[in-house]
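S.K.: only geometry, no sequence info:
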């Protein structure tokens with residue numbers, strides 16, 4: 001009897017180790033599907049529960065099986081979210097993955113940020129749950145349409161059409177690639193310097209004429225939530241950036257240049273830049289106090305903010 005218990009424990013430990021080896025990948029899938037770090041963690045945990053209760057004796061590709069399971073979990077979460085969403089989607093800024101420059105970063109940050117910026121996540125929010133699943137699993141993770149079809153309960157041909165529609169919307173809304181990382185940081189720094197100095201001409205010089213600013217204040221600061229379109233209209237929002245005059249910490253958000261405004265030792269605003277060519281085409285501003293508090297910035301990180 002004890003031998004059977006030990007065997008069961010060993011099998012359970014081996015399964016847990018196998019799952020941990022795939023956790024980063026599953027988190028990356030869930031983050032792209034949901035645009036929320038907390039919900040992505042919930043989806044990964046639910047996938048573990050399903051694995052621990054499943055008979056996987058006939059499963060030949062466990063990683064592929066786990067990918068489809070987490071995809072199905074996320075699809076259910078998206079459908080549930082769609083029926084209960086209260087906040088206007090137009091203002092929504094997805095959860096950012098913040099990396100402090102020159103700091104030791106969590107291993108999963110690179111996995112989460114690879115090839116997925118906030119601007120892309122915003123576009124993904126406009127897709128139907130089935131379209132988002134088909135696009136994310138096929139175009140980002142090379143899952144076959146046959147496998148995706150079983151998740152969405154459609155034919156492979158219909159699933160291919162879902163991904164095609166999603167792909168067109170993503171391509172239409174995604175700006176061309178920007179310059180290298182150093183140049184992107186220079187442009188972001190130039191924007192901040194011009195904003196702090198009240199240099200409207202300097203701001204116009206780095207903004208694309210069609211720039212879009214999306215600000216999300218959450219429920220606590222609902223009045224701060226807005227979408228502003230066009231360079232002159234964005235420049236007119238100069239007061240939005242006043243908090244960055246106090247102290248700002250340069251960071252990366254999903255691989256893009258960004259700043260955290262720090263007031264009284266706490267993150268007050270996060271501003272991220274989407275840059276195409278040599279101009280800023282998108283500004284994502286997160287002012288939601290609850291989500292800012294969950295960024296995971298340490299006191300040591302925040303103390304590095306400069307005036």
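M.R.: Cool, the structure landed. Just so we're clear, the structure is a prediction, and the values are computed from it rather than from any experiment.

S.K.: Sort out which residues of stretch 22-29 are buried, please.
M.R.: For stretch 22-29, a neighbour-count test (16 or more other C-beta atoms under 10 Å) marks 22, 23, 25, 26, 27, 28, 29 as buried. All C-beta atoms are positioned from the backbone trio N, CA, C, and that covers glycine.

S.K.: for the stretch 151-300 of the chain, what are the low-confidence residue spans?
M.R.: Low-confidence segments of the stretch 151-300 of the chain (pLDDT under 70): 238-244.

S.K.: related to what we said a few turns ago, can you flag which of the buried residues of stretch 22-29 belong to helices?
M.R.: Taking DSSP state H, the ones among these that sit in helices are 22, 23, 25, 26, 27, 28, 29.

S.K.: Can you give me the pLDDT of the first one?
M.R.: We note a pLDDT of 95 for residue 22 in this prediction.

S.K.: ok, now which ones touch it?
M.R.: 62, 63, 66 (C-beta atoms under 8 Å, 6 or more residues apart in numbering).

S.K.: So the last one belongs to a helix, correct?
M.R.: If I follow you right, that is residue 66. Yes. Assessed with DSSP: H, G, I helix; E, B strand; the rest coil, residue 66 lies in a helix.

S.K.: how much space between it and residue 283?
M.R.: Applying C-beta to C-beta, to the nearest Å, the value for residue 66 to residue 283 is 36 Å.

S.K.: so where do the helices sit in the protein?
M.R.: Counting by DSSP H, the chain has helices at residues 2-34, 37-53, 62-84, 107-113, 118-125, 129-135, 145-152, 156-173, 181-196, 200-206, 231-235, 289-293, 299-302.

S.K.: okay, those helices in CSV with distance to residue 256 next?
M.R.: Output for those, formatted as CSV (distance: least, C-beta to C-beta, whole Å):
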stretch, distance to residue 256
helix 2-34, 15
helix 37-53, 16
helix 62-84, 24
helix 107-113, 9
helix 118-125, 7
helix 129-135, 21
helix 145-152, 29
helix 156-173, 16
helix 181-196, 7
helix 200-206, 15
helix 231-235, 17
helix 289-293, 17
helix 299-302, 18
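
S.K.: nearest to residue 225, of these?
M.R.: Nearest to residue 225 among those is helix 289-293; the distance by C-beta to C-beta comes to 12.4 Å.

S.K.: thinking again about what came up before, any idea which of the buried residues of stretch 22-29 is closest to residue 233?
M.R.: The closest of these, once distances to residue 233 are taken by C-beta to C-beta, is residue 28, at 35.2 Å.

S.K.: ok, now how distant is the residue nearest to residue 116 when sequence neighbours are not counted from residue 190?
M.R.: Residue nearest to residue 116 in three dimensions, not counting chain neighbours: residue 32, with 5.7 Å by C-beta to C-beta, 6 or more residues apart in numbering. Using C-beta to C-beta, residue 32 is found at 31 Å from residue 190.

S.K.: Settle it for me: which of those two has more neighbours?
M.R.: Using other C-beta atoms under 10 Å as the criterion, residue 32 and residue 190 rank with residue 32 on top: 23 against 16.

S.K.: are any of the contacts of residue 22 buried, and which?
M.R.: By neighbour count, with 16+ other C-beta under 10 Å, the contacts of residue 22 hold residue 66 as buried.

S.K.: Check whether the residue nearest to residue 116 really touches residue 123, as I assumed.
M.R.: No. Using C-beta atoms under 8 Å, residue 32 is not in contact with residue 123, being 11.5 Å away.

S.K.: returning to what we had before: from the ones in helices among the buried residues of stretch 22-29, pick the one nearest residue 198.
M.R.: Nearest to residue 198 out of these is residue 28 (C-beta to C-beta; 41.1 Å).

S.K.: Columns distance to residue 245 on top of the buried residues of stretch 22-29, output as CSV?
M.R.: Below are the buried residues of stretch 22-29 laid out as CSV (distance: C-beta to C-beta, whole Å):
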residue, distance to residue 245
22, 45
23, 41
25, 41
26, 41
27, 36
28, 36
29, 40
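
S.K.: Can you tell me which of those residues is closest to residue 292?
M.R.: Distances from residue 292 to the buried residues of stretch 22-29, taken as C-beta to C-beta, are shortest for residue 27 (21.2 Å).

S.K.: If I follow the layout properly, that closest one ends up in contact with residue 39?
M.R.: No. The pair residue 27 / residue 39 is not scored as a contact, 10.9 Å apart, by C-beta under 8 Å.

S.K.: wait, which of the helices of the chain is closest to residue 222?
M.R.: Of all these, helix 289-293 comes closest under C-beta to C-beta, at 11.9 Å.

S.K.: Give me the distance from that closest one to the chain's centre.
M.R.: How far helix 289-293 lies from its chain's middle: 15 Å, per C-alpha atoms, centre = their mean, to the nearest Å.
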